[in-house]
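S.K.: Just a sequence and a predicted model for now, questions to come.
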Amino acid sequence: MKVRKAIITAAGWGTRFLPVTRSQPKEMLPLVNRPLIQYAVEEAINSGIEQVILITAMGKHAIEDYFDRSFELEYVLEQKGETELLQEMRRLSNLVNICYIRQKEQLGLGHAVLIARDIIADEPFAVLLPDDIIDSRVPALKQMIEVYEQRGTSVIAVERVSPQDTVKYGIIEPKEISHRLYQVLSLAEKPEPQEAPSDLGIVGRYILVPEIFDALAATPPGRIKEIQLTDALQRLLKQQVISACEFEGVRYDTGTPSGWLEATIALALKDPDIGPGLRQYLRRLL
């Protein structure tokens, strides 16, 4: 069955960006000239996704407004003759069919996925975490969908991490199938370096089969009272094969101020309008 639907999670507090996230959703922070959430939505669209389910929370109205029509703004742009901007604003409101679900309590990524069960129904689906911006020629999610179409299994995105960073990631025990493709033998949630089964860390892209919902429903909350998707995947692994795709591309973790700044500089340098001037400025500055 085709992967038509994608869940994008945007319900977190954004505490690492306080105080700006007191009133501004972290997902609406600008990355060059687009908010973070738009990169995830466009990656989904460019991977063939037809419906996006955005998991939001209290105080996230700006996300809904961003992808909605703004008739007043369109009228102003039309009167000013700003044709290109007008077309871009209309394009944004027609990107894809989006529905919104509120996560009333921040009970973990697994819980955020579980509350979309009724909308996903019995279809395979994607999950994207907008903190992870992946710059690649072929969208990372599309690379994973191709693996799903070949193998018919759940697929998780992985990348090589340094030994000291295993405590920040779910880590897989891999069995190599082919170049950049693995069968997952087990998963460990944020292990110490000496206990990590490999250096392949799970990052924020998943293709999941509907059986994950039963696994999530049976997964108890962890030590911080959150339902972890990694724990549910470990449960699912007892019943069926899970694959891992070491995607081609560069990932930026924009969930921290330093990672967000790195992504902003890297992507701005690639922009044909901004890059040349920014490069000259950085040379003078450094």
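M.R.: On my side now, so go ahead.
S.K.: Now the terminal residues of stretch 94-103, how far apart.
M.R.: Start-to-end span of stretch 94-103 (Cα to Cα, to the nearest Å) is 25 Å.
S.K.: buried ones in that stretch?
M.R.: Neighbour counts using 16 or more other Cβ atoms under 10 Å place I98, I101, Q103 of stretch 94-103 among the buried residues. C-beta here means a position set from N, CA and C on the backbone, and glycine is covered the same way.
S.K.: Would you reformat these as a markdown table and include secondary structure?
M.R.: Conversion of the buried residues of stretch 94-103 to a markdown table gives the following (DSSP: H, G, I helix; E, B strand; the rest coil):
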| residue | secondary structure |
| --- | --- |
| I98 | strand |
| I101 | strand |
| Q103 | coil |
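S.K.: Name the nearest of those residues relative to K26.
M.R.: Q103 (14.3 Å; Cβ to Cβ).
S.K.: give the contact list for that closest one.
M.R.: With Cβ atoms under 8 Å, 6 or more residues apart in numbering as the criterion, the residues that contact Q103 are A11, I55, T56, A57, H111, A112, I115.
S.K.: now that we have those residues, which one has the most neighbours?
M.R.: Counting neighbours by other Cβ atoms under 10 Å, A112 leads the contacts of Q103 with 27 neighbours.
S.K.: which residues touch that one?
M.R.: The contact partners of A112, by Cβ under 8 Å, 6+ apart, come to I7, T9, A11, I55, Q103.
S.K.: Nearest to L282 among those?
M.R.: Nearest to L282, judged by Cβ to Cβ, of the contacts of A112 is T9 at 33.2 Å.
S.K.: first to last residue in stretch 16-35, what's the distance?
M.R.: The first residue of stretch 16-35 is 17 Å away from its last residue (Cα to Cα).
S.K.: in it, what counts as buried?
M.R.: Applying 16+ other Cβ under 10 Å to stretch 16-35 flags F17, T21, P25, K26, E27, M28, L29, L31, V32, P35 as buried.
S.K.: And for stretch 75-89?
M.R.: Under the neighbour-count criterion of 16+ other Cβ under 10 Å, stretch 75-89 has L77, L86 buried.
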